[in-house]
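**Student:** Next comes the sequence, and after it the predicted model I'd like to discuss.
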Amino acid sequence: MAGTSDKTAVFFEDYAHDFDEIYRIQKMAGVSGWLNRRLRASMLLRYEKTFSALAPLSGKTILDVGCGSGRYVAKALSMGAEKIVALDLSPEMLTLTKRGVEGAGFSMERVELVQGDFMTFDSPSPYDCGIVMGVMDYIDRPAEFLAILADRVRQKAVLSFPVAESVWAPQRKVRYMLRRCPLFFYSRPVLQRLLDASPFEGFAIERIGRDYFVTAWHEDSRK
């Protein structure tokens, strides 16, 4: 039987192009555009909040876990990031990342594309910052994930966690279950306990629509 990461990889390999279209919803017209902007507002908010939370990025190294179609990679490059490792389970997502980075006018010199599972990713050294957006939805061992992330990041990481209390959570879970892709949701008390037990010395939780937006940091980075 395929593990959780295997099922997620299969799902996103098929879903890659449709997923990338979500970031174009601001330009969609008519009822479809309005509805998508309502339902996908959290994705746009967490994109904006990621870079306000991590700024300044000039000269920093970034690990983008679950880089998807590379929207965050291109933005980090535009803010002067020195090096970005873009990690994803799906080869098709990495293809989209390369296309998006080059389409935005950047070379791939500062980007390393890595296909693989973060839980087994052998990083040669820590990164200044970590980006983990739209990933925790699919992680069945979140405490272990956070422990590894805290070891991989020197300063600060931003993560999104899907809200269990959202009215959309049940239908989303059923929809993904039909595609054989497992999903995991978080109540605020559960998320609080998870972060309290993590190796990060500090964190902040903010609800933005269907997600909790989390900033987690090491104390040395706050001095």
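**Tutor:** On my side now, so go ahead. Keep in mind it's a predicted model, so treat the numbers as computed, not measured.
**Student:** which residue packs closest to the residue nearest the centre of the chain, ignoring adjacent ones?
**Tutor:** Nearest residue to the geometric centre of the chain (Cα atoms, centre = their mean): residue 133, 1.7 Å. Among residues not flanking residue 133 along the chain, residue 160 sits closest, at 5.1 Å (Cβ to Cβ, 6 or more residues apart in numbering). Yep, even glycine has a C-beta here, placed from its N, CA and C like the rest.
**Student:** Just name whatever secondary elements the helix or strand containing residue 151 is in contact with.
**Tutor:** Using DSSP states H and E, residue 151 sits in helix 142-152. Packing contacts for helix 142-152, counted by 3 or more Cβ pairs under 8 Å, 6 or more residues apart in numbering; DSSP states H and E, involve strand 127-132, strand 153-162, helix 188-196, strand 211-217.
**Student:** Within its sheet, name the partner strands of the shortest one and how each one runs.
**Tutor:** Each strand pairing with strand 127-132, determined using DSSP bridges, is listed with its direction: strand 61-65 (parallel), strand 153-162 (parallel).
**Student:** ok, residue 131 touching residue 68?
**Tutor:** No: with contact defined as Cβ atoms under 8 Å, residue 131 does not reach residue 68; the gap is 10.3 Å.
**Student:** Looking at these two, which is more packed in?
**Tutor:** Neighbours per residue, other Cβ atoms under 10 Å: of residue 131 and residue 68, the larger number sits with residue 131, 28 against 25.
**Student:** looking at this, residue 52 is in a helix?
**Tutor:** Yes: when DSSP: H, G, I helix; E, B strand; the rest coil is applied, residue 52 is found to be in a helix.
**Student:** Relative to residue 163, how far out is the closest residue to residue 217 other than its chain neighbours?
**Tutor:** Nearest non-adjacent residue to residue 217, counting by Cβ to Cβ, 6+ apart: residue 156, 4.3 Å away. Remark: distance between residue 156 and residue 163 (Cβ to Cβ, to the nearest Å) = 22 Å.
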